[in-house]
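[1] Have a look; sequence and predicted model below, questions after that.
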Amino acid sequence: MQPIFSICITTYNMASYIERAIKSAQQQEIEADIEILICDDHSTDNTSEILDKFKTISNITILYNNTNQGVLKSLSRLISIAKGKYVALLDADDYWCSTNHLKIHHDIYKSQNEIGFIFGNYQFLEEGSGRTNTGMKENFLFPAKNQFEFSLLNYPILTSTSSFRKELITEKELNDYILNNFPTSDYGIYLGLMLKSTGFYSSEITTVYNFRINSQSRKADIYARISHMINRHKIGDYFIDRHHVDKKIVQKRDFLLNQKVLLASWLSFNHSFIKKNAAKLKLTQFLKYNPKASYIYFASKSKFLYKICRPWVLRKRPPGQ
């Protein structure tokens with residue numbers, strides 16, 4: 001029987017988490033066949049030993065990269081062999097906390113033919129402290145129209161909550177994303193899907209996002225984190241260069257990146273670096289897009305004001321806020 005869902009899991013040095021992710025996929029209660037596809041990106045820990053436990057299970061396929069290829073190439077390998085009508089993504093360090101995750105997606109696809117991809121709400125689990133927090137606010141709304149423009153400004157999709165119709169993505173698109181060195185697996189895929197289909201947001205929490213400080217997007221090395229932000233921003237640039245986007249959206253998008261970089265640079269405690277990032281912004285931009293944060297602009301330019309404001313700006317918040 002052809003599977004209805006192909007669950008794609010890429011992993012690199014995730015020995016502490018991979019078994020939990022796979023078991024959460026196996027436990028899905030859905031009246032349809034599924035397959036679980038896993039690509040180990042040349043892990044140097046004992047991930048491969050853990051994966052060996054699942055080798056003989058009929059609906060699980062495991063691929064091994066001979067060298068480290070990166071998450072997008074690994075995911076592309078899995079999508080190329082996927083037999084399912086839908087592809088569901090699951091990061092190796094996350095897991096599905098509901099056995100109905102796939103059923104919810106399947107019911108939506110069956111009832112709404114125009115839906116090309118789905119994503120949902122989730123729970124943060126902060127590694128180490130065990131603190132939890134809801135990922136999406138209760139009043140979050142994913143617009144029915146202009147989803148591409150919306151996501152250029154505020155990308156809302158957590159990979160492990162998402163799925164898409166396999167027929168909507170082509171090998172050429174994936175190869176192009178790889179050639180352009182997209183640093184993440186999902187952002188480019190879903191921006192591309194938004195240009196030719198409609199997405200759906202499910203508010204039900206079915207996924208736990210493992211909030212790791214040293215994950216790609218949460219690196220403890222603040223300079224590496226900022227570099228990741230900038231490289232991820234370039235994915236949006238790729239689509240903007242190829243499709244008409246209102247100039248106002250482009251300008252606001254650039255402000256939001258520079259503001260995010262500036263705030264992240266405050267964690268460096270390096271005022272010269274902070275001042276350098278503040279120079280990329282203008283007071284008029286803050287007054288236009290985020291007037292309540294204007295004090296950050298002034299404080300970034302003065303070492304004295306920075307020291308005074310630093311405890312307030314860097315105050316601890318719940319995970320994800």
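    Okay, I see it.
[2] so where's the chain shaky on pLDDT?
    For the chain, applying pLDDT under 70 flags the ranges 212-220, 316-321.
[3] Report the residue ranges of every domain in it.
    Under the assignment automatic domain parsing, the domains of the chain span 5-211, 246-313.
[4] what about the shortest one, distance to the chain center?
    Remark: domain 246-313 is offset 24 Å from the chain centroid, using C-alpha atoms, centre = their mean, to the nearest Å.
[5] these two touch, right, Ile7 and Asp91?
    No - the criterion here is C-beta atoms under 8 Å, and Ile7 misses it with Asp91 at 11.5 Å. From N, CA and C alone the C-beta is placed, and that goes for glycine too.
[6] and the two? which has more neighbours close in?
    Counting neighbours by other C-beta atoms under 10 Å for Ile7 and for Asp91 shows that Ile7 has the greater number, 30 against 22.
[7] what about the strands in the chain?
    Under the criterion DSSP state E, the chain carries strands at the ranges 5-11, 34-40, 60-64, 86-89, 95-96, 115-126, 132-134, 163-165, 198-211.
[8] Strand partners (parallel or antiparallel) of the last one?
    Put plainly, it is strand 198-211. Strand 198-211 has its sheet partners listed here by DSSP bridges as strand 95-96 (antiparallel), strand 115-126 (parallel).
[9] winner for burial among the ones you listed?
    Mean neighbour count (mean count of other C-beta atoms under 10 Å) peaks for strand 95-96 among the strands paired with strand 198-211, with a mean of 24.
[10] Not counting that one itself, show me its contacts.
    By C-beta atoms under 8 Å, 6 or more residues apart in numbering, the residues outside strand 95-96 that reach it are 17, 20-21, 23-25, 27-28, 90, 160, 206-208, 210.
[11] Mind doing that once more with 6 Å?
    With C-beta atoms under 6 Å, 6 or more residues apart in numbering as the test, strand 95-96 has contacts from Arg20, Ala21, Ser24, Thr206, Thr207, Val208.
[12] Farthest pair within the residues you listed?
    Pairwise distances across these peak at 14.9 Å for Arg20 and Thr206 (criterion: C-beta to C-beta).
[13] who has more neighbours, these two?
    Taking neighbours as other C-beta under 10 Å, Arg20 and Thr206 compare with Thr206 leading, 23 against 16.
[14] Cys309 touches Ala299, doesn't it?
    Yes - assessed by C-beta atoms under 6 Å, Cys309 is found in contact with Ala299 at 4.2 Å.
[15] more crowded one of these two?
    It is Ala299, of Cys309 and Ala299, that has more neighbours when counted by other C-beta under 10 Å, with 21 against 17.
[16] Please list all residues in contact with that one.
    Contact analysis of Ala299 by C-beta under 6 Å, 6+ apart lists Leu305, Tyr306, Cys309.
[17] Look up how far Ala25 lies from Thr44.
    Applying C-beta to C-beta, to the nearest Å, the value for Thr44 to Ala25 is 24 Å.
[18] Which residues are in contact with the residue nearest to Thr207 when sequence neighbours are not counted?
    The shortest distance from Thr207 to any non-neighbouring residue, by C-beta to C-beta, 6 or more residues apart in numbering, is to Tyr122 (4.2 Å). Contact analysis of Tyr122 by C-beta under 6 Å, 6+ apart lists Gly135, Leu158, Thr161, Thr207, Tyr209.
[19] wait, doesn't the third one sit right on Tyr209?
    No - no contact is recorded between Thr161 and Tyr209 when judged using C-beta under 6 Å, the distance being 8.3 Å.
[20] Look at those two and report which has more neighbours.
    Taking neighbours as other C-beta under 10 Å, Thr161 and Tyr209 compare with Thr161 leading, 28 against 24.
[21] quick one on the thing from earlier: out of the strands of the chain, which gets nearest to Glu149?
    Closest among these, using C-beta to C-beta: strand 198-211, at 12.8 Å.
[22] What lies in contact with that closest one?
    Here strand 198-211 makes contact (C-beta under 6 Å, 6+ apart) with 93-98, 101, 104, 108, 114-115, 117-118, 120-127, 142, 147, 158, 160-161, 319.
[23] from the middle of its chain, how far away would that strand be?
    11 Å.
[24] Columns distance to Tyr295 on top of the strands paired with strand 198-211, output as TSV?
    Shown next, in TSV, are the strands paired with strand 198-211 (distance: least, C-beta to C-beta, whole Å):
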stretch	distance to Tyr295
strand 95-96	40
strand 115-126	28
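[25] closest to Arg225 out of these?
    Among the strands paired with strand 198-211, strand 115-126 comes nearest to Arg225, with 16.5 Å by C-beta to C-beta.
[26] Off-centre distance for that closest one?
    On C-alpha atoms, centre = their mean, the centre of strand 115-126 falls 10 Å from the chain's centre.
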